[in-house]
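In: For reference, the sequence and a predicted model appear below.
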4 protein chains.
Amino acid sequence: MEFKKNIPIYLQIMDKLKQDISLKVIEPGGKLMSTRELAVKLKVNPNTVSRVYRELESENIVFTKRGMGTFVVEDENILQNIKNNMANDIVVKFIRDMSNLNISPEEAIKMLKEIEEE
Amino acid sequence: MEFKKNIPIYLQIMDKLKQDISLKVIEPGGKLMSTRELAVKLKVNPNTVSRVYRELESENIVFTKRGMGTFVVEDENILQNIKNNMANDIVVKFIRDMSNLNISPEEAIKMLKEIEEE
Amino acid sequence: MEFKKNIPIYLQIMDKLKQDISLKVIEPGGKLMSTRELAVKLKVNPNTVSRVYRELESENIVFTKRGMGTFVVEDENILQNIKNNMANDIVVKFIRDMSNLNISPEEAIKMLKEIEEE
Amino acid sequence: MEFKKNIPIYLQIMDKLKQDISLKVIEPGGKLMSTRELAVKLKVNPNTVSRVYRELESENIVFTKRGMGTFVVEDENILQNIKNNMANDIVVKFIRDMSNLNISPEEAIKMLKEIEEE
DNA sequence: GTGGTCTAGACCACA
DNA sequence: GTGGTCTAGACCACT
């Protein structure tokens, strides 16, 4: 995994994990890699992974069992919502950004189709 | 103008000015407010505005005449491009963000239309 | 290092670093001194060094790893080009300056040889 | 006459006048345009031209007769030297700049010839 | 400890 | 009055 320059690494890792969870690459209730293990794999500082897990926990996406590791929650609804919320946020932001440029949603959709075809 | 917390103020001012320029709120060849004037208006430090003007100049959107002020370039093509580039960046980022969530452009467009109707 | 009066300090530091990098006094991929460290050494404000690093980054000569420091790029081609560009700029300026005085390149070269022998 | 961006206008005008004087476009003892006249012609602020004349006077290249105007000195030696001094300064600076890049005068001359041929 | 940003306030050259 | 540079010192996010 390569990291983009202008976005905090911990956020990039968080997003990747959220994707994996929402797409069930990691099963509900499944165990995440240990912070140390993941840090080695991604070549980042263990503190950075710690922060990722801490933030995911505060979003109720994972939980920690002392001495056991970190696990994905089993509540299907929560998992269901992760993807929806992320997508919704992105779409809303997109509409706002375009309207700031005086570009209507219809025009925006037209641009989307054009760029998609390239 | 109120500033978001997570984005550097100078970038937010830059974006606002780019919008104003691309929408011709500020005429091609027109003069921007002086650094001090804009700083007072936005309640930021003159240095921050200075940086904005410097970066806009390095993007060839404005130019400065020593002791005279800072002006929008007169080249219509460049101005045309500002808006296009900004819009393009937004659309590309949108497609990328959605595809990271395993959402196809078609689905994305569907969501766009739904949210628009709300 | 002593600074000339008429040239911005940050430009003088930039040029010195470019020299050091192009002459491989600082290795490709190597780490620059931290902003604070260099600021102390040169007896300038950390902000001034910060600006130097920012501008070098915008010229793709160095890059920064968040919280880690600032590093010389590893692309040998880019490094090759720094020296060539700097030298080329100097030569072109020289020719232009001399021709403004109605001195042909041939005469210029003659003067060069004379002065060199002194 | 168009002005370069990074060099003070008054210096650019000074250099142009020195050239004209050293190349005898303006005769020894001849009269310069009035500050006002030159300012209009160059589309610059009269203060700027004033400064040019003041600096030229302090270099003993011109002198002012109250109510009469500004004139080029008649001393041929001084005029002779203007060109030589300017050229010499340029050559010395060139050698210094190149040696900073670890480029010997011989290599510098080779580059000069190459660029000249382009 | 690292760079990034920001404020406050100063001085300068230029027009 | 204009932008450009610099210092001093602070706070922040990231590693």
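Out: Everything's here; your move.
In: C-alpha only now, for contacts and for neighbours.
Out: OK.
In: Name all residues that make contact with residue A:62.
Out: A:53, A:56, A:70-73 (C-alpha atoms under 8 Å, 6 or more residues apart in numbering or on different chains).
In: do you know how far it is from residue A:24?
Out: 13 Å (C-alpha to C-alpha, to the nearest Å).
In: Listing request: residues of chain A with sub-threshold pLDDT.
Out: Counting by pLDDT under 70, chain A shows low-confidence ranges at A:1-2, A:4-6.
In: Report the central residue of it.
Out: By C-alpha atoms, centre = their mean, chain A has its centre lying nearest to residue A:15, at 2.1 Å.
In: which SSE is it in?
Out: helix A:9-22 (DSSP states H and E).
In: any common contacting residues for residue A:62 and residue A:24?
Out: In contact with both residue A:62 and residue A:24: no residue, using C-alpha under 8 Å, 6+ apart.
In: circling back to that earlier point, quick one: the next helix or strand after the helix holding residue A:15 to helix A:9-22, angle?
Out: Next helix or strand after helix A:9-22 toward the C-terminus (DSSP H and E): helix A:35-42. Here helix A:35-42 runs at an angle of 100 degrees relative to helix A:9-22 (axes from the mean of the first three to the mean of the last three C-alpha atoms, to 10 degrees).
In: Can I get whichever helix or strand comes after helix A:35-42 as CSV, trimmed to CA atoms?
Out: Of the helices and strands lying after helix A:35-42 in sequence (DSSP H and E), the nearest is helix A:46-58. Once non-C-alpha atoms are left out, helix A:46-58 reads as follows in CSV (Å, rounded to 0.1, in the frame of the first residue of the first chain):
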residue,chain,number,x,y,z
PRO,A,46,3.0,1.3,15.4
ASN,A,47,1.6,4.4,17.0
THR,A,48,0.0,5.2,13.8
VAL,A,49,-1.8,1.9,13.6
SER,A,50,-2.8,2.3,17.3
ARG,A,51,-4.4,5.6,16.4
VAL,A,52,-6.3,4.0,13.6
TYR,A,53,-7.7,1.3,15.8
ARG,A,54,-8.6,3.8,18.5
GLU,A,55,-10.5,6.0,16.0
LEU,A,56,-12.3,3.0,14.5
GLU,A,57,-13.3,1.9,18.0
SER,A,58,-14.7,5.4,18.8
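In: and helix A:46-58, how far from the chain's centre?
Out: Here helix A:46-58 is found 13 Å from its chain centre; the criterion is C-alpha atoms, centre = their mean, to the nearest Å.
In: circling back to that earlier point, touching the helix holding residue A:15 from outside, list them.
Out: A:3, A:26-28, A:48-49, A:51-53, A:56, A:72, A:79-80, A:82-83, B:100-101.
In: one more time with 6 Å, if that's ok
Out: A:26, A:48, A:52, A:79, A:83 (C-alpha atoms under 6 Å, 6 or more residues apart in numbering or on different chains).
In: And that helix, what's buried?
Out: A:9-10, A:12-15, A:17-19, A:21-22 (16 or more other C-alpha atoms under 10 Å in any protein chain shown).
In: do stretch A:62-80 as well
Out: A:62-64, A:70-73, A:79.
In: ok so residue A:70 is a strand residue?
Out: Yes: the assignment for residue A:70 (DSSP: H, G, I helix; E, B strand; the rest coil) places it in a strand.
In: Quick check: nearest residue in space to it, chain neighbours excluded?
Out: residue A:64 (4.4 Å; C-alpha to C-alpha, 6 or more residues apart in numbering or on different chains).
In: part of a strand, is that neighbour?
Out: Yes: according to three-state DSSP, residue A:64 belongs to a strand.
In: Walk me through the domains of chain A.
Out: Structural domains annotated on chain A: A:9-74, A:77-117, as defined by automatic domain parsing.
In: Next, report how far the first one is displaced from the centre of its chain.
Out: The chain centroid and the centroid of domain A:9-74 are separated by 10 Å under C-alpha atoms, centre = their mean.
In: what do you get for stretch A:82-101?
Out: 15 Å.
In: Give me the buried positions along it.
Out: Those would be A:82-83, A:86-88, A:90-91, A:94-95, A:97-98, A:100-101, for stretch A:82-101 by 16+ other C-alpha under 10 Å.
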